[in-house]
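Asker: A structural model of the following input is requested.
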Amino acid sequence: MIKIIKIALLIVFLGACDNIQNNNPNVKKSSANICHEKGSQYYKQTKKYESFNTIEDCLNSGGRLPR
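Answerer: Below is the predicted model:
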């Protein structure tokens, strides 16, 4: 029983860590598939996004650079 509780707590903890990292990604790909790097003009305005570590990862996933 204790092992099950430990495993459940570990899963919850890992999920929480993942959410923390995704709240401040280096690159956001918007729902329009535009890749916004941290510090760029529309980065903070982009609310619905997929997060990436690098701009290259975002572009390789089908995203594009802003015009």
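
Asker: Now do the SS call for the most centrally placed residue in the chain.
Answerer: Nearest residue to the geometric centre of the chain (Cα atoms, centre = their mean): residue 51, 2.6 Å. Judged by DSSP: H, G, I helix; E, B strand; the rest coil, the three-state class of residue 51 is strand.

Asker: what residues are up against the closest residue to it other than its chain neighbours?
Answerer: Nearest residue to residue 51 in three dimensions, chain neighbours excluded: residue 25, at 3.2 Å (Cβ to Cβ, 6 or more residues apart in numbering). Placement of C-beta: from N, CA and C, glycine included. Listed by Cβ atoms under 8 Å, 6 or more residues apart in numbering, the contact set of residue 25 reads 38, 49, 51, 52, 53.

Asker: Quick check: which element contains residue 25?
Answerer: Using DSSP states H and E, residue 25 sits in no helix or strand.

Asker: again with the one 3 residues further on
Answerer: In the assignment (DSSP H and E), residue 28 maps to strand 27-30.

Asker: got any ranges where the protein has weak pLDDT?
Answerer: 6-22 (pLDDT under 70).

Asker: still on that earlier bit, quick check: the farthest pair among the contacts of residue 25?
Answerer: Greatest spatial distance in those: 49 and 53, 13.5 Å, computed using Cβ to Cβ.

Asker: the more surrounded of these two?
Answerer: Legend: neighbour count by other Cβ atoms under 10 Å for residue 49 and residue 53, higher for residue 49 (18 against 11).

Asker: so that one touches residue 28, yeah?
Answerer: Yes: using Cβ atoms under 8 Å as the test, residue 49 is close enough to residue 28 to be in contact (3.8 Å).

Asker: what sits in contact with each of the two?
Answerer: residue 36.

Asker: which non-adjacent residue is nearest residue 50?
Answerer: residue 29 (4.6 Å).

Asker: give the contact list for the one you found.
Answerer: Taking Cβ under 8 Å, 6+ apart, one finds 35, 36, 49, 50, 51, 52, 58, 61, 63 in contact with residue 29.
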